[in-house]
Each structure stands twice: as C-alpha cells, then as structure tokens.
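A.B. asks: A structural model of the following input is requested.
(one chain, ligands or ions: 1)
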Amino acid sequence: MSAPVRGGGRGEGGRGRGEGGRGPGRGPSNRDRRPTVDPARFAAYEAIAAVHRDDAYANLVLPHILTDRDVRGRDAAFATELTYGTLRSLGTLDAIIAHTAGREVDRIDPPARDALRLGAYQILNMRVPAHAAVSSTVDLVRIVAPGATGFANAVLREITTRDLDAWVEELAPAYETDPIGNLALTNSHPQWIVRAFQEALGGSLEETSRLLIEDNQAPSVVLCARPGRVDAVDLAEEVGGSPGAFSPYAVYLPGGAPGDLAAIRHGRAHVQDEGSQLVAAALVDAPIEGDDTRWLDLCAGPGGKAGLLGALAAQRGAHLTAVEVTEHRAGLVSKAVAGYPVTVLHTDGRNVGRETDLPEQGFDRVLVDAPCTGLGALRRRPEARWRRQPSDLPPLTKLQRELLTAALRAVRPGGLVGYVTCSPHTVETHVSVTEGTRRADIEVDFVDARPLLPAGMPGLGTGPTVQLWPHRHGTDAMFLAVLRRTS
Ligand SMILES: C[S@@+](CC[C@H](N)C(=O)[O-])C[C@H]1O[C@@H](n2cnc3c(N)ncnc32)[C@H](O)[C@@H]1O
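C.D. replies: As a prediction, this is how the structure comes out:
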C-alpha cells in the first residue's frame, strides 16, 4: 500500500512532499526558473479545464484551442489523444490519484487536479516515458497551480511505481463480489451506467464488459453517401475510405478532417454514424399501405437523419416536414436539407394538431428521434459519461413520451411511427415506448423492425424492436421501435 501525499488541497500552500527540494545544486529554484510547457500539452490542459470549468464539449472546444495555439500535425494528434483519453479515463485516473494523494479528488484544487489527470494518463495509458510525463506535468502545475508543484510531483512519482493493470488490480473491488464496481473502475464508467447497460444486455456481464471496452475506443468517422447524389462505392473510392458493413450509404473514413472533403462541401455526403443511417432508412423502407408521400421528422436538429430522409424523399416522390424546437438547430437542419423537398419548422413537436403545418393524422411516416441521455454514443463524447446523471432521466423520459404521443397523433391510421434513441437505457427505450403509446390512447401494432435492417445483420435479438450496439455492430447504440397506427 503506498503512502498518501500531502499538500495541493483547496487553499493549501502546497509545499508538500517533493517540493522545496529544488536547491541550487539540483537545478534552478522555482523563482529563477521560467516555467514552460509544450503547446500540445497546454492545449490539452486548456480543453480539459474548459470542459470542467465551463461545461464545454471537448470536440467543440479543442479544435479552437489547437487553431488559436497553432498546434498542428503530430502535436495536434497528441493533444487530441491526450484530451479525449484523459476525459474517458477519468474514473480510473481519479481513483488512482485519490489513492496516491490520500484524499478525494474533489478536495484537490481544480487546476492541479486537471493537470494531475493529464499526467497520470500519460504515465499509465500513453507511451510517454514516465520521467517526461512527470516533469512536463510538474511544469504545467507550476504555471496553473504554482502552490501545488511539490504535491503534484510527489503524487505523479507515486503513480509511476505501478502500471495501469497493477493499479486497477489494487483499487478495483473484486469482480466475484462486486462485478459492477469492478467493471466500472476497470473500464472508467460510472456505476449507474454500467448497471443500465447490463440490464439492456439482458444481464450479461460478459457482453457489458465488451461494450465498456468498445466505449473507450475512438470511433472511426462514418460518412453518409446521399442517395441520388453519390453512390457509397464511388464515394469510398473518392475519399480513400471503404464502404460500410451494413448501411448501403455508409463509408468509413480513414482519419482526417471530414470537413475538408469536397463531397461534404458540395452536399453529396454528410458525417453520420452508421446506426443512425440504418434506423432512418428502416422507417422509410417499412412496407406501408396507401399514400406514402407525407413524411415527418419530429426532432430533426441538427439534421443528420433529415439529410438522409430528404434525399430518399426526393427519390421516392415524398415530402419531408422537419421539426426542431431550437432556433439554432433548426437553422442547421435547413442547411442539411438544402435542395431536397423538405420544409423546416422551428416549433415544438408536441404542437401536433395546434399548427396548420402539423395536422393530426396528416402524415404517412413519422420519425421521433427523441432527445435522450446519449448513453449509446459515449465513444464520441468523452466527457458525457461523467456529465450525465440518473436525475437527467425523468425530464427526458417525460419529453420522450410526450413526443411519441404527438407522433402517434400526427400519423394517419395505417401509417408508421419510428421511435429512435441513441441510448440503450431501457427506461428511455422500452418503457418510453410503452408509456408513450399507452398515454396516446391510440391503437398501434408493433412492426418487427429486424427485417427492415440489412439481411444478415447479426445480433438483432428477438424483436420486434431493435437495439444496435458498438461491440456487436460497430455502430452507436441506437434503439428503434416501429409502430403502425391501427385506428
Ligand atoms: C436526438 S436529437 C435529434 C438528432 C437528429 N434527428 C439528427 O439525426 O441529426 C433530438 C433533437 O430534438 C430536439 N427537441 C427537443 N425537444 C423538442 C421538442 N419538444 N420538439 C421538437 N424538437 C425537440 C432537440 O433540440 C434535438 O435537436
């Protein structure tokens, strides 16, 4: 058992173990030495500090920081891996830091805490030599939390005494007695999320473990080749990618900045997870009797699915109404559907029957891509798992049910509603579907969604709903229920 390190706490002077040792004979004193940190590490620090201080999103804030600080090429790649990896691994890193510091991490000053997390990640998860990780992090602390330099030095040195596996072995509860606690610490996920995944996976801890591992991998960028504008095989050749495994529109991009691609700039393709493509296409491919020209996307922002639905509507002689409650996002939808037969409405999707453009029984197919916790896309949003709380569920599920009820009022008898979430949490999937349907007091049948997905797609369960998974399908964990209004 290692001894905890003193200093570095909120309001402490930080002259703990390891500090004060810098005398003339051992290098310049703190006062003499002008601290410098390489721009890549400082950029990662700034991004992580913004995430924790300002509730920023790493994928939005980091590119600006890299541009402002002129961090490019390999340095930018290093900063990105360091930022995203540290955020994903926060649970494990914090347990190790708390142990070595002898206090909970929320009792360490935020700047020192974020610097320690970056240092610990470099020591334990990257191929950065330990001495370089320690000294560069201490240099960083000297700038952002000067009082905690010695404390940080001592904590980091302690962390270098073991590798990641050894720390996890020491700190994680035994799998046999506390499997959820063990998986949570080992794979850096909050316990409530591990529990929710386990329930959605029918109780299988083995599959839960595989999902958690997959959640910690950076996902590849996927393009959607817009039908009618470009074929996926041609697009793959154009961008040096490969056609998707399941969606006929998907192209896997081998790294790089997708915004630079001519196909995106010219509206022939957009960035979209393969699972999102599959569930949107499944709804409009489901057999229907009678009219099939009036489609509705009730939660359209920022417009990924509306872009694909708009392209398919153009091919099939249909018209899409795309509803979005947030003004900014409604603007993004308008851009995403430019040139397609789509009307964008900036309004609340629950206004069905209260607005001329949203008549009751006025649509043949309705998509409800409901606002949700996003627990199925944790691979893409490294900070999301720590920001989300169980208390987010009640307001979200209330909204999901109200939107599903509105969708059932908007669809004509015989028409179809697709209810989609990018969360596998059963409260947002099965329970919201059951409750939303019950409250609508409209008769519906479940349509088996499995045959609406590409033939041969494995692991689709027993139906009638479909749950996609990162570890089974390489997609986000999208849920799809297809309902046919019968009266
Ligand atoms: C999961 S996102 C939809 C993603 C979108 N379908 C796509 O593929 O890009 C949910 C969207 O619903 C919007 N939203 C939330 N409440 C709404 C409401 N009451 N009516 C309409 N849209 C709503 C959110 O602003 C958000 O843009």
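A.B. asks: Where do the domain boundaries of this protein fall?
C.D. replies: 39-159, 172-215, 274-485 (automatic domain parsing).
A.B. asks: between these, which one is nearest to the ligand?
C.D. replies: domain 274-485 (3.1 Å; CB to the nearest ligand atom). The C-beta positions use only the backbone N, C-alpha and C, and glycine is treated the same way.
A.B. asks: how about that closest one against the ligand, any contact?
C.D. replies: Yes: under the criterion of CB under 6 Å from any ligand atom, domain 274-485 makes contact with the ligand via 276, 299-305, 323-326, 329, 348-350, 369, 371, 399.
A.B. asks: one step back: tabulate the domains of the chain (a markdown table), appending mean pLDDT.
C.D. replies: Formatted as a markdown table, those follow (pLDDT from 0 to 100):
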| stretch | mean pLDDT |
| --- | --- |
| domain 39-159 | 97 |
| domain 172-215 | 98 |
| domain 274-485 | 98 |
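A.B. asks: Those: which one's closest to residue 223?
C.D. replies: Closest to residue 223 of the domains of the chain is domain 274-485 (CB to CB; 9.6 Å).
A.B. asks: okay, how far is it across the closest one, tip to tip?
C.D. replies: 28 Å (CA to CA, to the nearest Å).
A.B. asks: just to revisit the earlier point, may I see the PyMOL selection of the buried members of the residues of domain 274-485 next to the ligand?
C.D. replies: To isolate the buried subset of these in PyMOL, counting by 16 or more other CB atoms under 10 Å, use the following:
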select buried, resi 276+299+300+301+302+303+304+305+323+324+325+329+348+349+350+369+371+399
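A.B. asks: can you tell me which of the residues of domain 274-485 next to the ligand are in helices?
C.D. replies: Within these, residues falling in helices by DSSP state H are 276, 304, 305, 329, 399.
A.B. asks: Closest one of the residues you listed to residue 289?
C.D. replies: Closest to residue 289 out of these is residue 305 (23.9 Å), distances taken as CB to CB.
A.B. asks: Same list (the ones in helices among the residues of domain 274-485 next to the ligand) but as CSV, adding distance to residue 49.
C.D. replies: Below are those laid out as CSV (distance: CB to CB, whole Å):
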residue, distance to residue 49
276, 31
304, 30
305, 34
329, 27
399, 32
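A.B. asks: right, and the secondary structure at residue 229 would be what?
C.D. replies: For residue 229, the assignment made with DSSP: H, G, I helix; E, B strand; the rest coil gives coil.
A.B. asks: What count of nearby residues applies to it?
C.D. replies: By the measure other CB atoms under 10 Å, the count of residues near residue 229 is 16.
A.B. asks: OK, contacts around the residue nearest to it when sequence neighbours are not counted?
C.D. replies: Spatially, and ignoring its direct neighbours in sequence, residue 229 is nearest to residue 268 (4.4 Å; CB to CB, 6 or more residues apart in numbering). Going by CB atoms under 8 Å, 6 or more residues apart in numbering, residue 268 touches 225, 226, 229, 230, 235.
A.B. asks: Reformat these as TSV; add distance to residue 408 and pLDDT.
C.D. replies: Output for these, formatted as TSV (distance: CB to CB, whole Å; pLDDT from 0 to 100):
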residue	distance to residue 408	pLDDT
225	32	98
226	29	98
229	33	97
230	35	98
235	36	98
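A.B. asks: Given the lengthiest strand in the chain, what are its sheet partners and their directions?
C.D. replies: For the chain, the strand with the greatest residue count under DSSP state E is strand 411-421. Using DSSP bridges, the strands paired with strand 411-421 are strand 363-369 (parallel), strand 479-485 (antiparallel).
A.B. asks: how about it: buried residues?
C.D. replies: 411, 412, 415, 416, 417, 418, 419, 420, 421.
A.B. asks: What spatial separation is found between the residue lying closest to the fourth one once chain neighbours are set aside and residue 453?
C.D. replies: Read that as residue 416. Excluding its sequence neighbours, the residue lying closest to residue 416 (CB to CB, 6+ apart) is residue 365, at 5.0 Å. In this view, residue 365 and residue 453 are 17 Å apart by CB to CB, to the nearest Å.
A.B. asks: which of these two has more neighbours?
C.D. replies: residue 365 (25 against 21).
A.B. asks: Of the contacts of residue 268 - the most surrounded one?
C.D. replies: Among the contacts of residue 268, the one with the most neighbours (other CB under 10 Å) is residue 225, at 29 neighbours.
A.B. asks: For residue 154, see how far away that residue is.
C.D. replies: Shown here: residue 225 relative to residue 154, a distance of 54 Å by CB to CB.
A.B. asks: And for residue 101?
C.D. replies: Applying CB to CB to residue 101 and residue 154 gives a distance of 9 Å.
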